[in-house]
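>>> generate a structure from the sequence data that follows.
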Amino acid sequence: MVQKRLKDFDNSLDKYTAFLTNEIQNGTYVSEKDEWVACDTPSRRRRRLTSAILKRANATTQCSLSWATDTNEINCPFVWESIDKNPNLDLGQGYYKAAIPFVDKQIAKGGYRLGTFLNSILTKKC
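Below you'll find the predicted structure:
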């Protein structure tokens, strides 16, 4: 799907990346991006991913689990439910058009999460 999506951007990874970056900074995802880097702590409170949280022994694992659960919540109702109900379903253009918003958002989330994580552990404190 990502290869097909790149065709919508003249097969340019740079154009697709610019599109997703703009959506995060100024577009569709601007109001959601802080939630993307939140983790459920053992006390079930939501906190932003910070270097203080990352110093905790299980913080990285906890964030990863939270983020994987987020992705799984899309797979079950969108992907597998469609296929389970109709195993001979043609995953053609209609499916592609319906799935692209999910694909774009998940790629944007992954990039934003990775960037936030790397910034938090690589930022040199003065």
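>>> next SSE downstream of whatever helix or strand residue 14 lives in?
Here residue 14, judged by DSSP states H and E, is contained in helix 13-25. For helix 13-25, the succeeding helix or strand toward the C-terminus, using DSSP H and E, is helix 33-36.
>>> need the helix or strand of this protein with the lowest average pLDDT.
strand 46-48 (a mean of 44; mean pLDDT, DSSP states H and E).
>>> one step back: could I get the buried residue list for the helix holding residue 14?
Going by neighbour count (16 or more other Cβ atoms under 10 Å), the buried part of helix 13-25 is 16, 19, 20, 23, 24. All C-beta spots, glycine's among them, are computed from the backbone N, C-alpha and C.
>>> pretty sure the last one sits against residue 109.
In this case it means residue 24. No: checked against Cβ atoms under 8 Å, the pair residue 24 and residue 109 is beyond contact range at 9.0 Å.
>>> quick check: the residue minimising distance to the centre of the chain vs residue 84, distance?
In the chain, the centroid-proximal residue (Cα atoms, centre = their mean) is residue 109; its distance is 2.6 Å. Residue 109 is 25 Å from residue 84, where distance means Cβ to Cβ, to the nearest Å.
>>> could you do residue 23 as well?
The gap separating residue 23 from residue 84 is 31 Å, by Cβ to Cβ.
>>> next one: residue 10
Remark: distance between residue 10 and residue 84 (Cβ to Cβ) = 36 Å.
>>> repeat for residue 90
15 Å.
>>> residue 9 now?
Counting by Cβ to Cβ - residue 9 and residue 84 are separated by 32 Å.
>>> more neighbours: those two, which one.
Legend: neighbour count by other Cβ atoms under 10 Å for residue 9 and residue 84, higher for residue 9 (15 against 10).
>>> helix, strand or coil for residue 89?
Of the three states, residue 89 takes coil under DSSP: H, G, I helix; E, B strand; the rest coil.
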